[in-house]
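**Student:** Quick check, what structure comes out for this input:
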Amino acid sequence: MPTKTSNDGRAFDIDGRKLIWHPEGEDGEPGGLPDVTIPLRIKLGLVLDHAEKSFDNEGMAEFLSKLIPDQMETLREMDVNDFQDMFTTWQSEYNMLTGASLGESSRSPD
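**Tutor:** Next up is the predicted model:
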């Protein structure tokens, strides 16, 4: 399982088609909360349902509540900055894997 680093310098893992984030605990160190696992493949319906929504903290949480509903308790306990870093890191990894951003319906022509 390769370990990578976010733009903010946080280590995370990629396991197949899943990003594994190690949330900060009360002490500010990773590992204080259960790991968050976010798929790097998503259903078209979820993308379409959120196509016109902004990805502020509320929008990010709403999106993830549909994608990983069983992990919402951990997300609620995360520091906001850690949460934002996790989400933008996941978006970046998703974009690299698919070649499209969440707002695009298809790949751009070369």
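**Student:** Could you report the separation of the closest residue to M78 other than its chain neighbours from A51?
**Tutor:** Nearest residue to M78, sequence neighbours excluded (CB to CB, 6 or more residues apart in numbering): P23, at 4.9 Å. (Glycine included, C-beta is placed from N, CA and C.) From P23 across to A51, the span is 28 Å (CB to CB, to the nearest Å).
**Student:** who has more neighbours, these two?
**Tutor:** P23 (21 against 11; other CB atoms under 10 Å).
**Student:** residues contacting that one?
**Tutor:** 30, 32-36, 74, 77-79, 82, 86 (CB atoms under 8 Å, 6 or more residues apart in numbering).
**Student:** gap between it and K53?
**Tutor:** P23 is 24 Å from K53, where distance means CB to CB.
**Student:** Same check on T74?
**Tutor:** Separation of T74 from K53 (CB to CB): 22 Å.
**Student:** Over to Q71?
**Tutor:** Taking CB to CB as the measure, Q71 falls 20 Å from K53.
**Student:** neighbour count winner among those two?
**Tutor:** For Q71 versus K53, neighbours defined as other CB under 10 Å are more numerous around Q71 (17 against 14).
**Student:** Next one: that one, what pLDDT does it get?
**Tutor:** Here, the pLDDT recorded for Q71 equals 96.
**Student:** repeat for G45
**Tutor:** The model reports G45 with a pLDDT of 86.
**Student:** Please apply the same query to the one 4 residues further on.
**Tutor:** Residue-level confidence at D49 comes out at 80, pLDDT.
**Student:** do the same with the one 5 residues further on
**Tutor:** If you check S54, the pLDDT there is 76.
**Student:** Report how many residues lie close to it.
**Tutor:** By other CB under 10 Å, 8 other residues sit near S54.
**Student:** OK, contacts around L75?
**Tutor:** Neighbours of L75 in contact, by CB under 8 Å, 6+ apart: 36, 61, 64, 68, 83.
**Student:** tell me the SS of D85?
**Tutor:** Assigned with DSSP: H, G, I helix; E, B strand; the rest coil, D85 falls in the helix class.
**Student:** Could you check how far it is from D56?
**Tutor:** For D85 relative to D56 (CB to CB), the value is 15 Å.
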